[in-house]
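K.L.:
please work out how this folds:
(one chain, ligands or ions: 1)
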Amino acid sequence: MHASIVTLFPELFEPFLHQTVLGRGVEAGLVQIDLVALREFGEGRHRQVDDRPFGGGPGMVLLAEPVIQAVEAARAGHGPAVRTFVLSPQGRPFDQACAEELAAAEDGFVLVCGRYEGIDERALEVLQPEELSLGDFVLSGGETAALAIIDAAARLVPGVLGHARSPKEDSFSNEHGLLDHPHYTRPASWRGLDVPEELLTGNHAAIAAWRLAQARARTAARRPDLLDGPERSKED
Ligand code: 9D3
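P.N.:
A predicted model of the protein is given here:
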């Protein structure tokens, strides 16, 4: 997986890229993340990247020219089929299907992190990027969204996760499309709370049936929207 991130805060990404699952993928050469500092494409002695909005209002707007130049520099490191995404509250909601697409994208992808009130609309007209949102809440910039998206995609790259866990078992992409079942570890009895006896039997069929029933009940209670579609079977 090859991603480039256009951002005013490249240093924010460094510790994340060298630790945890993502760090493993980077060290193993399975994941490449190029950081492109928007500031380097700023205008004048002060490397200005933003200015006040025409029409008035609070905050600042990112200048079109530095954004375009940074994205073009980022895209130059990729093949011709590179995809470009601007992260913004106006985007299509990011989901697991999107993570799978990004993990498999042949020529990689560029994520553009917005800041302030947004990006001059003409930069978007010229770039014609896809737009992605993490959901209906307000962040102060696109950087945390980029980290979430990179994390979700990189862990799907074959070899990035250890053998201990498989992405196939996760909620949203598990074999049934349900939320996860509850988990327990030792001790079997703790503060008067007992592990469900079904899990202590060693009967694998009974355990699987209990887990599926729990997953269905939780999904119905917490995320009924996930049940709207047909429940997926193992064959899908
Ligand atoms: C308070 C400013 N808002 C005025 C109506 C607009 C606004 C501008 C810029 C709100 C958020 C942002 C910065 N957000 C992102 O860059 C962002 C984001 C988000 O805020 N929510 C969910 N997903 C994303 S992806 C990028």
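K.L.:
looking at this, E72 is in a helix?
P.N.:
Yes - with DSSP: H, G, I helix; E, B strand; the rest coil as the criterion, E72 is assigned to a helix.
K.L.:
pull the number of nearby residues for the residue nearest to E117 when sequence neighbours are not counted.
P.N.:
The shortest distance from E117 to any residue other than its chain neighbours is 4.0 Å, reached at G59 (Cβ to Cβ, 6 or more residues apart in numbering). C-betas here are computed from N, CA, C, even on glycine. As a burial measure, G59 scores 11 neighbours (other Cβ atoms under 10 Å).
K.L.:
contacts only, for G59.
P.N.:
If a contact means Cβ atoms under 8 Å, 6 or more residues apart in numbering, then G59 has 53, 116-117 as its contacts.
K.L.:
by pLDDT, give me the weakest of these.
P.N.:
Note: of the contacts of G59, the lowest pLDDT belongs to Y116, at 88.
K.L.:
what is the burial count for that residue?
P.N.:
Residues near Y116, counting by other Cβ under 10 Å, number 17.
K.L.:
my guess is it contacts L63. True?
P.N.:
No - in this structure, Y116 is not within contact of L63 by Cβ atoms under 8 Å, at 10.7 Å.
K.L.:
now do the shared contacts for those two.
P.N.:
Overlap of the contact sets of Y116 and L63 (by Cβ under 8 Å, 6+ apart) consists of D50.
K.L.:
give me phi/psi at the residue of the chain most remote from its centre?
P.N.:
Most distant residue from the mean C-alpha position of the chain: G192, 39.1 Å away (Cα atoms, centre = their mean). Per-residue torsions, G192: phi 80, psi 0 (degrees, to the nearest 10).
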